[in-house]
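Visitor: Quick one, structure for this:
(one chain, ligands or ions: 1)
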Amino acid sequence: MIAANFDYESPRTLNEALNLLSSREDAKILAGGHSLLPAMKLRLAQPALLVDLGRISGLSYIRESGDKIVIGAMTTHAEVNASQLLRQASPLLALTATQIGDTQVRNRGTLGGSLAQAHPAADYPAPVLALDAEIVAQSRSGERIIPATEFFLGMFSTALRNDEILTEVRVPKTASEKVTYKKFHHPASGYAVVGVAVRLKMSASRIDSAAVAITGVSDIAYRATAVENALRGNTAAAFADAANQAANGKELIGDVYASATYRRHLVTVIARRALEEAASLR
Ligand SMILES: Cc1cc2nc3c(=O)[nH]c(=O)nc-3n(C[C@H](O)[C@H](O)[C@H](O)COP(=O)(O)OP(=O)(O)OC[C@H]3O[C@@H](n4cnc5c(N)ncnc54)[C@H](O)[C@@H]3O)c2cc1C
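Guide: Residues are numbered from 1 along each chain as shown. Okay, the predicted model is just below:
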């Protein structure tokens, strides 16, 4: 299908973009376009104005800032995947990016666009939750920092206001931890039927703390607190029992790809495998 008519602006500065965004109620940000343009072609989205972030310099970067790594919103999945800094200091996002879609999607899609889209089967929501990332939102009235745990409100719904642009994601350094992202992907799109991000702090074989976040199975990605609690103070012997609690208290999605019953089983399997994989890392 062909998208409905829309105006298009490609500002050169963030301030200009913020002014344009506030100038019309039905304006929308365009980042990589890999979610927004298909939605427009299907007329599921009909913005009257697209504000393209592509020509604003300074929104695409990965750098160290104190005890964090900070990543610009327009950084593509391919750049996240290829970052040596991330791979050494905080590898979970890079390990996730390599599993997103295909080469074309990774070359165009952006970290900020993916988080703002809040697709229930998107990959990044799991690692940003497991990392307790901070999401930076900018509006004409200033900057605010949204904890990842408060960012995802529902399917395709986030804490971002209409006049805000997601500008940066801040993640902690995790070099002393064991992290991984394991996914059962849809064979056509690559989206997660189940995706599990794991972060373990271990002393020898003892688990001091665990962060486990899950995407793909529910309306929004979530921290699997029952799994985390079952792991704390335990060893790898607790993995299977803990993983069995991965969907505790959650209403699971059932769709043409996978029934809710199948997802409920699959998430326990992928969670156990993710825990085993993380623990086996040196
Ligand atoms: C064939 C295909 C396969 C895919 N497979 C996967 C997959 O396996 N895993 C996965 O996670 N994703 C997958 N995706 C989605 C892909 O990762 C997209 O890149 C992502 O969902 C959106 O990023 P984008 O930069 O393209 O954003 P856009 O499509 O440009 O924007 C998406 C939404 O976010 C808003 N937005 C964008 N940037 C900002 C910002 N900085 N601040 C505020 N709002 C903003 C837009 O207004 C829009 O509403 C796939 C997409 C396709 C087409």
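Visitor: all contacts plus neighbour counts: C-alpha atoms, from now on.
Guide: Will do.
Visitor: residues from the protein in reach of the ligand?
Guide: Selection of the chain residues close to the ligand by Cα under 6 Å from any ligand atom yields 28-36, 73, 100-101, 105, 109-110, 112-114, 116-117, 122-124, 165-167, 189-191.
Visitor: what about 5 Å?
Guide: Applying the criterion Cα under 5 Å from any ligand atom, the portion of the chain that neighbours the ligand consists of 28-36, 100-101, 109-110, 112-114, 116-117, 122-123, 165-166, 189-191.
Visitor: Would you map the strands across the stretch 101-250 of the chain?
Guide: Chain-ordered strands for the stretch 101-250 of the chain, with DSSP state E, counting those that start in this stretch as the definition, fall at 134-139, 142-147, 152-154, 157-158, 165-172, 178-185, 192-203, 206-215, 222-223.
Visitor: circling back to that earlier point, make a PyMOL selection of the buried ones in the residues of the chain next to the ligand.
Guide: Buried members of those, defined by 16 or more other Cα atoms under 10 Å, are picked up in PyMOL with:
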select buried, resi 28+29+30+31+32+33+34+35+36+100+101+109+110+112+113+114+116+117+122+123+165+166+190+191
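Visitor: Need phi/psi at the spatially most central residue of the chain.
Guide: Of all residues in the chain, the one closest to the mean position by Cα atoms, centre = their mean is residue 124, 2.0 Å from it. Torsion angles at residue 124 (phi, psi; degrees, to the nearest 10) stand at phi -50, psi -30.
Visitor: Switch the strands of the stretch 101-250 of the chain over to CSV; also include mean pLDDT.
Guide: Rendered in CSV, the data for the strands of the stretch 101-250 of the chain read as follows (pLDDT from 0 to 100):
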stretch, mean pLDDT
strand 134-139, 98
strand 142-147, 98
strand 152-154, 97
strand 157-158, 98
strand 165-172, 98
strand 178-185, 97
strand 192-203, 97
strand 206-215, 98
strand 222-223, 98
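Visitor: I'd say residue 35 and residue 118 touch.
Guide: No. Contact between residue 35 and residue 118 fails when scored by Cα atoms under 8 Å: they sit 10.4 Å apart.
Visitor: number of nearby residues for residue 158?
Guide: Residue crowding around residue 158 was assessed by other Cα atoms under 10 Å; the count is 16.
Visitor: residues in contact with residue 140?
Guide: 15, 18-19, 163-164 (Cα atoms under 8 Å, 6 or more residues apart in numbering).
Visitor: secondary structure class for the closest residue to residue 105 other than its chain neighbours?
Guide: In space, residue 105 comes closest to residue 34 once its chain neighbours are excluded; the distance is 6.9 Å by Cα to Cα, 6 or more residues apart in numbering. Going by DSSP: H, G, I helix; E, B strand; the rest coil, the secondary structure assigned to residue 34 is coil.
Visitor: so how far is residue 155 from residue 34?
Guide: Between residue 34 and residue 155 the computed distance is 17 Å (Cα to Cα, to the nearest Å).
Visitor: ditto for residue 200
Guide: With distances taken as Cα to Cα, residue 200 is found 28 Å from residue 155.
Visitor: Neighbour count for these two, which is higher?
Guide: residue 200 (25 against 15).
Visitor: didn't the more buried one look like it was pressed against residue 213?
Guide: No. Contact status for residue 200 versus residue 213: not in contact, 11.9 Å apart, counting by Cα under 8 Å.
Visitor: Report how many residues lie close to residue 23.
Guide: Residue 23 has 12 neighbours, counted by other Cα under 10 Å.
Visitor: same check, this time on residue 77
Guide: Other residues within reach of residue 77 by the criterion other Cα under 10 Å amount to 27.
Visitor: Repeat that for residue 47.
Guide: 22.
Visitor: give the contact list for residue 108.
Guide: The contact partners of residue 108, taken as Cα under 8 Å, 6+ apart, are 32-34, 76-77.
Visitor: Likewise for residue 220?
Guide: With contacts defined as Cα under 8 Å, 6+ apart, the neighbours of residue 220 are 118-120, 152-155.
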